[in-house]
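J.: let me see the structure of the following:
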Amino acid sequence: MKKKLKAFSAQETLVVAVIILVIGSLVIFMMVKGSQVREAVGQLDKTYTSLNSAFNLAKMNEGTPEAWVNKGDDYQKVFYKVFSKYLSIVPEELPSHLAGQIYYGINGKTEEYVDRKDITMGRLNDGIVIRFANVNPYCTSNRGGTYALRNVCGEIYVQIKDVNGNVSFSNSIFGKNTFAFYLTKEGVVPIGTKGSKDDAQYLCKKKSSVAINSKSCTAWILTKKNMDYLKHNIEW
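T.: Residues are numbered from 1 along each chain as shown. Purely as a prediction, here's the structure:
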């Protein structure tokens, strides 16, 4: 006996189409997110290398950072000026409608606010913006067990470009589009390295109920090449 082939009903066809659409959307979403992470890693890797190359040239020609400044200097401006000699960089100003710069954490809370008058930053050739912050010209800040982390001279913030090639000053989020490095007597070090006082495993957390330091996410993304800290707690 010949078996009758049963066609899908309209309802069954619709259900299958919806399932395919949902799966397809999820795949596309994951591909886009993966591409954005790879782009962020690429921008950070390149800037990290450029900053260390500039530091090595500055150290060779002008000594370590504590030799760059004199008493009474605006330390952040001096550090910016020294790096400008060895990086292709032009001064960058905040948009006129911003009275200062707010940096948010990955939990959505404000982690830092800086008045316009205290901001010294510049734009690199590729459009990325860097800023010198929290400068200790004596290089005596201790953030870990290595020689470099026992001799921290300040911080460098790196604001990467979005998918449209722009840098967002009004939505600067540590761990997403803004990343932080220590400037030390030995070179530039990502904040959040394993075993340091700012270890990403303990401070790079997407929680709204605790005070965190999203600057520490920098070491994680450069080491692991992902942003898993945006989805769940991380462990080295």
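
J.: isn't Leu94 up against Gln101?
T.: Yes: between Leu94 and Gln101 a contact is recorded at 6.3 Å, counting by CB atoms under 8 Å. Every C-beta, even on glycine, is put in place using the N, C-alpha and C of the backbone.

J.: overlap in contacts, the two.
T.: 116, 119, 169 (CB atoms under 8 Å, 6 or more residues apart in numbering).

J.: what segments of the chain are helices?
T.: Residue ranges of the helices in the chain, as given by DSSP state H, are 10-62, 75-84, 200-203, 217-224.

J.: which of these has the lowest mean pLDDT?
T.: Per-stretch mean pLDDT for the helices of the chain is lowest at helix 10-62 (a mean of 78).

J.: does Lys46 touch Asn125 like I think?
T.: No: contact criterion CB under 8 Å: Lys46 and Asn125 do not qualify, at 10.6 Å.

J.: have a look at those two and say which one is more surrounded.
T.: Neighbours of Lys46 and Asn125, each counted by other CB atoms under 10 Å, are more numerous for Lys46; the result is 14 against 10.

J.: which ones are touching the more buried one?
T.: With the criterion set at CB under 8 Å, 6+ apart, Lys46 makes contact with Asp126.

J.: against Ser53, how distant is it?
T.: 11 Å (CB to CB, to the nearest Å).

J.: which residues do these two both contact?
T.: By CB under 8 Å, 6+ apart, Lys46 and Ser53 have no common neighbours.

J.: circling back to that earlier point, neighbour count: Leu94 and Gln101, which is higher?
T.: Shown here are Leu94 and Gln101; by other CB under 10 Å, Gln101 has more neighbours (22 against 15).

J.: can you give me the pLDDT of the more buried one?
T.: So Gln101 comes in at 96 (pLDDT).

J.: wait, it touches Ile119, no?
T.: Yes: applying CB under 8 Å, one finds Gln101 in contact with Ile119, separated by 5.8 Å.

J.: got the contact list for the most centrally placed residue in the chain?
T.: The residue lying closest to the centre of the chain (CA atoms, centre = their mean) is Phe179, at 2.0 Å. Phe179 makes contact with 44, 157-158, 160, 190, 215, 217-218, 221, according to CB under 8 Å, 6+ apart.
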